[in-house]
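Engineer: Sequence first, then the predicted structure, then my questions.
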Amino acid sequence: MSSLVIKGLKASVKGKQILKGVDLTIGTGETVALLGPNGHGKSTLLACIMGNPNFEINGGSIEFDGQDVLSLSVDQRSKLGLFLAMQNPPEIPGVNSADFYKAALNAHREKPMNLFQFYSALQNAYKEMEIPFSMSNRNLNEGFSGGEKKRNEILQMKLLDPTISFLDEIDSGLDVDAIQLVASAINKEQEKGKGFLVISHYARLLDLLHPTRSVVMINGRIVVDGGPEIIKKIDTQGYEWIKRELGIEIEHEDQPMNKVSIGVCATREANKE
């Protein structure tokens, strides 16, 4: 079993401290739901794991199977078996999608894939994600809808076959059918024993992924680490119980997970408020 071990991680951006001592372990075969109000460090944690240069590490450690992750470049972390599906995947003008995927795949291999192997893998991934294969000839994410970008992230995950994946609100911008599709693709990776750390503010995706654990991040720290029943508690009560039961003052309030109907596009409805 492989494991990612985070101890006392502190990180800042532009001089503002975001992570204030995060302790978390994620193993293969686990799907961990990372919950918490907006602005408390969830996306920052994922960015730090993958080596985003905009964040400064001020203390602590990250190890993957005993190897110091913080000493590795972004591409080395990817080759190690770590993958991030981004909350807002960028558009990359001038970079053909198929060429990008081919380069990424070959960077993870000792010997480059031959063209037949590559196109076979690519066609299967596009088919599974129900994306027209013709989109492989377009520039990466350029002109794509939010939902298409998110499905592209999962497509890339399927191709690279990481050991542990970090999914940053992969369900935002997806309608109900697309959430089912994305969840099904993730379920297949779960069956292979892959590990996942999943950020989502809405219960629908988490209901489909059946997390084995739930952790809650408040004020830049993990304050709760328990079972999947925590998701239901937050879905029904918000985060008030953390203040009441643990005596932790929450720096920024956030709406509970069930504020937005799970029967509609959550992002669109939230933007109306």
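Structural biologist: Sure thing, it's come through.

Engineer: just the CA coordinates of stretch 91-111, formatted as CSV?
Structural biologist: What follows is stretch 91-111, C-alpha atoms only, in CSV (Å, rounded to 0.1, in the frame of the first residue of the first chain):
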residue,chain,number,x,y,z
GLU,A,91,-6.9,27.1,-21.8
ILE,A,92,-3.6,26.5,-23.6
PRO,A,93,-3.6,28.2,-27.0
GLY,A,94,-1.4,26.6,-29.6
VAL,A,95,-1.1,23.2,-27.8
ASN,A,96,-2.9,20.5,-29.5
SER,A,97,-4.8,18.2,-27.1
ALA,A,98,-3.6,14.9,-28.6
ASP,A,99,0.0,16.1,-28.7
PHE,A,100,-0.2,17.2,-25.1
TYR,A,101,-1.6,13.9,-24.0
LYS,A,102,1.1,12.0,-26.0
ALA,A,103,3.9,14.1,-24.5
ALA,A,104,2.5,13.6,-21.0
LEU,A,105,2.2,9.8,-21.4
ASN,A,106,5.6,9.4,-22.8
ALA,A,107,7.1,11.5,-20.0
HIS,A,108,5.8,8.8,-17.6
ARG,A,109,7.4,5.9,-19.6
GLU,A,110,10.9,4.6,-20.2
LYS,A,111,10.0,3.8,-23.8
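
Engineer: Give me the buried positions along it.
Structural biologist: Using 16 or more other C-beta atoms under 10 Å as the burial criterion, the residues of stretch 91-111 that qualify are 96-98, 100-102, 105, 108. The way it works is simple: take the backbone N, C-alpha and C, and place the C-beta from them, glycine included.

Engineer: Stretch 183-196 now?
Structural biologist: For stretch 183-196, by 16+ other C-beta under 10 Å, it's 183, 185-186, 189-190, 194-196.

Engineer: Leu122 against Asp99, yeah?
Structural biologist: No. Using C-beta atoms under 8 Å, Leu122 is not in contact with Asp99, being 11.0 Å away.

Engineer: Would you map the helices across this structure?
Structural biologist: 42-50, 74-80, 97-107, 115-128, 146-160, 176-191, 203-209, 229-237, 240-246, 266-272 (DSSP state H).

Engineer: name the helices or strands packed onto the fourth one?
Structural biologist: Packing contacts for helix 115-128, counted by 3 or more C-beta pairs under 8 Å, 6 or more residues apart in numbering; DSSP states H and E, involve helix 97-107, helix 146-160.
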